[in-house]
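Asks: Pasting the sequence and the predicted coordinates here, then a few questions.
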Amino acid sequence: MRNYNDPEYKKWRKFIKKRDNNTCQWPNCNSRRKIHVHHILKWADFPGLRYNTQNGIAICKIHHDMIKNNEENYAPFFQKLILNKLNNNE
């Protein structure tokens, strides 16, 4: 079970929010309200990637709620967004 008070988890979330400018990364959204940090590949299914910064993305609550129960289908989409972001920052 996830411990939201775990220092490593907090550090991971803080890094993702900072990297993504505390802004929803969904194309054309740019919301800065109610930002969630989403695991691209599920926390429960990929324990080795739980704190990998390339496995996280900042999205607003609206988009986070929209993908619930369908996360697997959005994983390639989010992975592409993160890779593009990382490549553009080099």
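Replies: Perfect, thanks for sending it.

Asks: Centre-most residue in the chain?
Replies: residue 57 (2.1 Å; Cα atoms, centre = their mean).

Asks: what packs against the helix or strand hosting that residue?
Replies: Element membership for residue 57, per DSSP states H and E: strand 56-60. Judged by 3 or more Cβ pairs under 8 Å, 6 or more residues apart in numbering; DSSP states H and E, strand 56-60 is in contact with helix 7-19, strand 35-39, helix 71-88. For glycine as for every other residue, the C-beta is placed from the backbone atoms N, C-alpha and C.

Asks: before we move on, the earlier item: who touches the residue nearest to the centre of the chain in this structure?
Replies: By Cβ atoms under 8 Å, 6 or more residues apart in numbering, residue 57 lies in contact with 16, 20, 25, 37-38, 40, 78, 81-82.

Asks: again, only this time at 7 Å
Replies: 16, 20, 25, 38, 40, 78, 81-82 (Cβ atoms under 7 Å, 6 or more residues apart in numbering).

Asks: Check which residues of the helix or strand containing residue 64 are buried.
Replies: Assigned by DSSP H and E, residue 64 falls within helix 61-67. Buried residues in helix 61-67, defined by neighbour count with 16 or more other Cβ atoms under 10 Å: 63-64, 67.

Asks: Out of the residues you listed, the closest to residue 8 would be?
Replies: The nearest member of the buried residues of helix 61-67 to residue 8, counting by Cβ to Cβ, is residue 64 at 21.3 Å.
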